[in-house]
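Enquirer: here is the input, now give the coordinates:
(chains A, B, C and D)
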There are 2 protein chains.
Amino acid sequence: MEAASEVATRVGNSKGEQTRDRILDVAKTLILARGYSGTSLDDILKASGLTKGAFFYHFRSKNELARALIGKTWAEDHRFFDDMARRAREMSDDPLQAALIFLRLFEEELEANLHSPFSCLFASYLYESEQFDGETRQFLSDGLGQWVSIYESMFAPIFETRQPRIRVTARELAQTIASVLEGGFILSKAQGDSGPSIATARQFREHLKLVFAD
Amino acid sequence: MEAASEVATRVGNSKGEQTRDRILDVAKTLILARGYSGTSLDDILKASGLTKGAFFYHFRSKNELARALIGKTWAEDHRFFDDMARRAREMSDDPLQAALIFLRLFEEELEANLHSPFSCLFASYLYESEQFDGETRQFLSDGLGQWVSIYESMFAPIFETRQPRIRVTARELAQTIASVLEGGFILSKAQGDSGPSIATARQFREHLKLVFAD
DNA sequence: GTCAACTTCTACCATTCGGTATGTTTTGAT
DNA sequence: ATCAAAACATACCGAATGGTAGAAGTTGAC
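Expert: Residues are numbered from 1 along each chain as shown, chains lettered A, B, ... in the order given. Just a heads-up that it's a prediction; the model follows:
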């Protein structure tokens, strides 16, 4: 509410779009703490100070909210990733160094957001995937798959100039960093502390160094 | 039902205990696919061919079912782990080799259970933790924490005879393997394939080798 | 066979759920 | 100022939810 007015969002910043975003934001917070099925519409509306009329004006059903939310989250995370990857590439032309810098930037973000929920909406959805329609379920598979592919395209160039000390592919490295981050969130959630997320991310960075050490 | 009669369970194999276990088993399967809130009592009873009367005779509430289920799961997983760790230690006196063998045994289990759900009930609960009472929530924190400690005690002896090539503690290694497994489950769930779980587990084993390579 | 404890079923309840119908307010272009 | 579209509120609905009460069936010891 306070910062939203300053930001010149691309398309449509009308009153309606604002409350739609508000619903999505509130829903995300609640869902990450209570799960999708565990979050009722009344919960969302009570937390956002709205009513049923407002909700069903912006969303056809609760399931459509779920779809919109995972889509928005994916887009946001993607922008976040692209920005960091770009910054990393600007700092070094060497693919290995760029990847290491990227990982370091990621750690810094984890360290900065000490109070964040440390959650992944994809993981949240996947652990109750039968709640969603086919379209959303497909998006879950594709979305995480694309994440792995994105990491893969970050690691692949390294193999052109160096050879790993162990038998490993760029895709396997990509799967591992994705797993490490997902798992780190879970450990941090359990412990109520960002420590595990940071420690495991750093651990993977060291792993990457070891794999491609001279 | 078929195998249960052969197994001489420790305490109480009366009719009541059997249906209680049945409820727990059915509930676990459903919860891992639909989430806790997304699984109604009627779902569980329909799938197990029982009725409300039977359920509330064995459990005081749905929340108590959740508590009993996570407790039972923890005990089962713990036995599973202990058995594999013991087998690994029998194969080698060297702590590093024993750990590597353990990890390999784990991979073999993943490869064998190609059709299993690849899920962790702890992770499932944690992504809707607000649904549970304080006692269960505490168990979630402690349970995962203990897992990390168990892995830590497996890695700690390695440090007595070798020194790592990177700056890392036994606890950090423990957190990393826990994260890798948790994250691997999520990737496998998304992809509907055990591949990621296996690949990332193998990756950690290679990591351990690299860290303590001569 | 009897009886008491154990185990399960049936019928019901209050509340909450997602969703609808319709009314009221707000907005912005003219 | 006017008016239509956009945005939101109110009141309600049928179904599903977790849970309760008490009857009915089962079991095994005596």
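Enquirer: stretch A:41-49 close to DNA strand C?
Expert: Yes - judged by Cβ under 7 Å from any atom of the strand, stretch A:41-49 comes into contact with DNA strand C through A:41, A:42, A:43. Heads up, the C-betas are built off the backbone N, CA and C, glycines and all.
Enquirer: surely the first one meets residue A:55?
Expert: Yes - applying Cβ atoms under 8 Å as the test, residue A:41 and residue A:55 come out as touching, 6.2 Å apart.
Enquirer: more neighbours: these two, which one.
Expert: When residue A:41 and residue A:55 are compared on other Cβ atoms under 10 Å in any protein chain shown, the one with more neighbours turns out to be residue A:55, at 21 against 17.
Enquirer: ok, now how distant is the more buried one from residue A:35?
Expert: According to Cβ to Cβ, to the nearest Å, residue A:55 and residue A:35 sit 19 Å apart.
Enquirer: now residue A:177: which helix or strand?
Expert: Following DSSP states H and E, one finds residue A:177 within helix A:170-191.
Enquirer: next helix or strand past that helix?
Expert: Downstream of helix A:170-191, the next assigned helix or strand under DSSP H and E is helix A:195-211.
Enquirer: any residues touching that next one, and which ones?
Expert: By Cβ atoms under 8 Å, 6 or more residues apart in numbering or on different chains, the surrounding residues in contact with helix A:195-211 are A:96, A:99-100, A:103-104, A:106-107, A:110-111, A:118, A:164-166, A:168, A:173, A:176-177, A:180-181, A:183-185, A:187-188, B:148, B:165-168, B:172-173, B:175-176, B:179, B:207, B:210-211.
Enquirer: and the residue nearest in space to the middle of chain A, what pLDDT?
Expert: Nearest to the mean C-alpha position of chain A, by Cα atoms, centre = their mean, lies residue A:77 at 4.7 Å. Looking at residue A:77, its pLDDT is 94.
Enquirer: please name every helix or strand in contact with the helix holding residue A:177.
Expert: helix A:121-126, helix A:134-155, helix A:195-211, helix B:121-126, helix B:134-155, helix B:170-191, helix B:195-211 (3 or more Cβ pairs under 8 Å, 6 or more residues apart in numbering or on different chains; DSSP states H and E).
Enquirer: and the ones you listed: which comes nearest DNA strand C?
Expert: Among those, the nearest to DNA strand C by Cβ to the nearest atom of the strand is helix A:134-155 (13.0 Å).
Enquirer: so the closest one, near chain B or not?
Expert: Yes - Helix A:134-155 is in contact with chain B by Cβ under 8 Å from any Cβ of the partner chain, via A:140, A:141, A:143, A:144, A:145, A:148.
Enquirer: ok, now stretch A:24-40?
Expert: Yes - judged by Cβ under 8 Å from any Cβ, stretch A:24-40 comes into contact with chain B at A:32, A:33, A:34, A:35, A:36, A:37, A:38.
Enquirer: what average pLDDT does that stretch get?
Expert: For stretch A:24-40, mean pLDDT rounds to 98.
Enquirer: kindly export that stretch (C-alpha atoms) in CSV.
Expert: C-alpha atoms of stretch A:24-40 as CSV (Å, rounded to 0.1, in the frame of the first residue of the first chain):
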residue,chain,number,x,y,z
LEU,A,24,-2.8,-12.3,-4.1
ASP,A,25,-0.3,-11.0,-1.6
VAL,A,26,-2.4,-11.8,1.4
ALA,A,27,-3.3,-15.2,0.0
LYS,A,28,0.4,-16.0,-0.6
THR,A,29,1.3,-15.2,3.0
LEU,A,30,-1.5,-17.3,4.4
ILE,A,31,-1.1,-20.2,2.1
LEU,A,32,2.6,-20.5,2.9
ALA,A,33,1.7,-20.8,6.5
ARG,A,34,-1.5,-22.8,6.4
GLY,A,35,-1.5,-24.5,3.0
TYR,A,36,-3.9,-23.9,0.2
SER,A,37,-6.7,-26.1,1.5
GLY,A,38,-6.1,-24.8,5.0
THR,A,39,-6.6,-21.3,3.9
SER,A,40,-10.3,-20.4,3.5
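Enquirer: that one and DNA strand D in contact?
Expert: No - using Cβ under 7 Å from any atom of the strand, stretch A:24-40 stays clear of DNA strand D, coming no nearer than 9.2 Å.
Enquirer: what's residue A:89 sitting at in phi/psi?
Expert: phi -70, psi -30 (degrees, to the nearest 10).
Enquirer: work out the gap between stretch A:169-185 and the centre of the chain.
Expert: Counting by Cα atoms, centre = their mean, to the nearest Å, stretch A:169-185 is centred 13 Å from the centre of its parent chain.
Enquirer: buried residues in it?
Expert: Going by neighbour count (16 or more other Cβ atoms under 10 Å in any protein chain shown), the buried part of stretch A:169-185 is A:170-185.
Enquirer: DNA strand D: which of the residues you listed is nearest?
Expert: Looking at the buried residues of stretch A:169-185 and their distance to DNA strand D, the nearest is residue A:185, at 26.5 Å (Cβ to the nearest atom of the strand).
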